[in-house]
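J.: Let me see the structure of the following:
(chains A, B, C and D)
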Number of protein chains: 2
Amino acid sequence: MYMKRWDADQESVAETPDLAALAALLADRTRAAICMALLDGGTWTAGELAEYAAVAPSTTTEHLNLLVAGGLLAEERQGRRRYVRLAGPETAETLENLAGLAPYRRVPVRSLAEANHRRALHHARTCYDHIAGALGVAIADAMTERGLLARDYGLVLTAAGADWLTALGLPDTAPADAHRAHVRTCLDWTVRRQHLSGAVGAALYRHALERAWLVKAVATRILTVTAAGRAAFRAQLGLPDEALFPSLTLPPPRG
Amino acid sequence: MYMKRWDADQESVAETPDLAALAALLADRTRAAICMALLDGGTWTAGELAEYAAVAPSTTTEHLNLLVAGGLLAEERQGRRRYVRLAGPETAETLENLAGLAPYRRVPVRSLAEANHRRALHHARTCYDHIAGALGVAIADAMTERGLLARDYGLVLTAAGADWLTALGLPDTAPADAHRAHVRTCLDWTVRRQHLSGAVGAALYRHALERAWLVKAVATRILTVTAAGRAAFRAQLGLPDEALFPSLTLPPPRG
DNA sequence: CGGATGATTCGGTGCTCACCGAAATGTTAT
DNA sequence: ATAACATTTCGGTGAGCACCGAATCATCCG
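T.: This next block holds a predicted model:
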């Protein structure tokens, strides 16, 4: 009797998420460095990234082609120039989570300037669209301590927290995209502690920039706390000086 | 005048998260398959994984060495056999998030059995310690619709949701580890939709197993909904038949 | 219209690494 | 003890790929 062969036309293929392909994009040191650089949330040109990653422009082109094709980066062409940025917030969060899981690597520090740069990064930096580093962790801690965030029953903005945001002038931080949780944590790779991300984290960051509590350096992820910022963070959240002055920031813990 | 050189002993090295090293672990198809298999939350022997991944035992050994050394897997030796499992919930969540971001890959389906297997996986499966697949998404949707979860102001368990859990006999699902949010979403790679994870998701899964609403097949991630389960999910959440019968589950969307 | 600039294409090179098989190690069973 | 079994070690092979430089293309500027 004739049996129909299963491998016929109809359902002979299926689709599986290709985890290895995505990971392969990040498995190269240069591409990983590019992605980490773009975690500042900004838009870079191919040439800038080439210089940052210390590879030839031709090499950078190949990397960018892969990253864009893989959906990690979004690109925009203007004339002879190629601008790239991270594809979106989910990409940024996944990257930062991954970095939090990753082992540490010892890298040589070649100059005093570089040491200062690192110290500043550890103190306060952007994580795509919110605040990370010692300052970010201190903010999350202070908000929890003051009952603005509740860590004990899920991670939620409390009623007091919502009031506090309103008092700051953040109009309810409307849930524009339902896909993105309002309050979310992000594992900080400098201290391996949680800091505030999600829509609330992003709103807080924007607000701090608008009020000039923070200033972002160009072409880096470094944030600087202004005098006004220190006053505000002290008044609003009672942040200690350790969180407000880079010079008081300790080096990161051992890996 | 003598200037002290900076590259002296003191602070000449710093530590950076080695994203590329971590990603390299997942960048291999065999290792990725191993990790995906372990997403069932179970403990596998080296030999089982070798057969599953269709590589020589010696090759499997090398992969497991790397994955364990990289902190993704935890191992336990008993006599002549080596048991491995995912290192922890964060690892599982990051993996599933990554899979949700990954592109699809077309794979051949060689037999009717394999096609049925895939269909079953798409219908209901474990994601480490909670429920994923069409059933998992349907549960999250139904809970949101019934006001047990609120998606509009962060993702929180509502008061009604807490009551519902208590009525089910889940005693408040105590916040054992503060690091893990109670309610959390996990991007499902089959449907690219959110399902329920976190401590609440895990408690719900355990409860469903205890009450025999679900049965987990050995050595796979497949969950089967029992008759009692269908009754319970209908009564408790009003789940439609599409979510309760694998035969009604549609194939996954195009990548 | 040249000349400078940003990016790309292409060929070639060297290194890394996934894989296997055969032999070895150590453990459980007969 | 001996046999069966699970895993590991090691040497060797082949493929993939990150990298560069030189040439090319496209755009902007004087």
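
J.: What count of nearby residues applies to the residue in the stretch 151-255 of chain A that DNA strand D sits nearest to?
T.: At 19.9 Å from DNA strand D, A:Val218 is the closest residue in the stretch 151-255 of chain A, using CB to the nearest atom of the strand. Quick note: C-beta positions are derived from backbone N, CA and C, even for glycine. Per other CB atoms under 10 Å in any protein chain shown, the neighbour tally for A:Val218 reads 7.

J.: With A:Leu101 instead?
T.: Counted with other CB under 10 Å, A:Leu101 comes out at 21.

J.: go on, A:Arg85?
T.: Other residues close to A:Arg85 by other CB under 10 Å number 18.

J.: how far away is the residue of the stretch 151-255 of chain A closest to DNA strand D from A:Ala124?
T.: 16 Å (CB to CB, to the nearest Å).

J.: Could you list the paired strands of the helix or strand containing A:Tyr83 along with their orientation?
T.: Assigned by DSSP states H and E, A:Tyr83 belongs to strand A:81-86. Neighbouring strands of strand A:81-86 in its sheet, by DSSP bridges, are strand A:44-45 (antiparallel), strand A:73-78 (antiparallel).

J.: As CSV, the ones you listed with mean neighbour count would be great.
T.: What follows is the strands paired with strand A:81-86, written out as CSV (neighbours: other CB atoms under 10 Å in any protein chain shown):
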stretch, mean neighbour count
strand A:44-45, 18
strand A:73-78, 14
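
J.: Pipe those strands into CSV and attach distance to B:Ser111 and mean pLDDT per row.
T.: Shown next, in CSV, are those (distance: least, CB to CB, whole Å; pLDDT from 0 to 100):
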stretch, distance to B:Ser111, mean pLDDT
strand A:44-45, 48, 96
strand A:73-78, 39, 95
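
J.: Could you export the ones you listed to TSV, including columns for distance to A:Val107?
T.: Listed next are those as TSV, based on distance: least, CB to CB, whole Å:
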stretch	distance to A:Val107
strand A:44-45	21
strand A:73-78	24
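
J.: give me phi/psi at the residue of the stretch 151-255 of chain A closest to DNA strand D?
T.: A:Val218 has phi and psi values of phi -70, psi 140 when expressed as degrees, to the nearest 10.

J.: One more: A:Leu121?
T.: Per degrees, to the nearest 10, the backbone of A:Leu121 is at phi -60, psi -40.

J.: got a list of what it touches?
T.: A:Leu121 is in contact with A:Gly133, A:Thr190, A:Thr220, A:Arg221, A:Ile222, counting by CB atoms under 8 Å, 6 or more residues apart in numbering or on different chains.

J.: now for the residues you listed, which pair is the farthest apart?
T.: A:Thr190 and A:Thr220 (14.7 Å; CB to CB).

J.: Relative to A:Gly42, how far out is the residue of the stretch 151-255 of chain A closest to DNA strand D?
T.: According to CB to CB, A:Val218 stands 9 Å off from A:Gly42.

J.: In TSV: the strands paired with strand A:81-86, plus distance to DNA strand C.
T.: Converted to TSV, the strands paired with strand A:81-86 look like this (distance: least, CB to the nearest atom of the strand, whole Å):
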stretch	distance to DNA strand C
strand A:44-45	4
strand A:73-78	7
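
J.: Out of those strands, which is closest to DNA strand D?
T.: Taking CB to the nearest atom of the strand, strand A:73-78 is the member of those nearest to DNA strand D, at 6.3 Å.

J.: hey, where'd the strands end up in chain A?
T.: For chain A, applying DSSP state E gives strands covering A:13-17, A:44-45, A:73-78, A:81-86, A:104-108, A:125-127, A:130-132, A:149-150, A:156-157, A:184-187, A:194-197, A:214-216, A:223-225.

J.: Pick the most buried one from the ones you listed.
T.: strand A:130-132 (a mean of 28; mean count of other CB atoms under 10 Å in any protein chain shown).

J.: picking that back up, tell me the pLDDT of the residue of the stretch 151-255 of chain A closest to DNA strand D.
T.: pLDDT for A:Val218: 79.

J.: hmm, back to that, turn the strands of chain A into JSON lines, columns for distance to B:Leu248.
T.: Formatted as JSON lines, the strands of chain A follow (distance: least, CB to CB, whole Å):
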{"stretch": "strand A:13-17", "distance to B:Leu248": "18"}
{"stretch": "strand A:44-45", "distance to B:Leu248": "48"}
{"stretch": "strand A:73-78", "distance to B:Leu248": "37"}
{"stretch": "strand A:81-86", "distance to B:Leu248": "38"}
{"stretch": "strand A:104-108", "distance to B:Leu248": "49"}
{"stretch": "strand A:125-127", "distance to B:Leu248": "42"}
{"stretch": "strand A:130-132", "distance to B:Leu248": "42"}
{"stretch": "strand A:149-150", "distance to B:Leu248": "40"}
{"stretch": "strand A:156-157", "distance to B:Leu248": "36"}
{"stretch": "strand A:184-187", "distance to B:Leu248": "34"}
{"stretch": "strand A:194-197", "distance to B:Leu248": "38"}
{"stretch": "strand A:214-216", "distance to B:Leu248": "52"}
{"stretch": "strand A:223-225", "distance to B:Leu248": "52"}
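
J.: Could you report the separation of the residue in the stretch 101-250 of chain A that DNA strand C sits nearest to from A:Arg125?
T.: In the stretch 101-250 of chain A, the residue that lies nearest DNA strand C is A:Arg105 (13.4 Å; CB to the nearest atom of the strand). Using CB to CB, we find A:Arg105 at a distance of 18 Å from A:Arg125.
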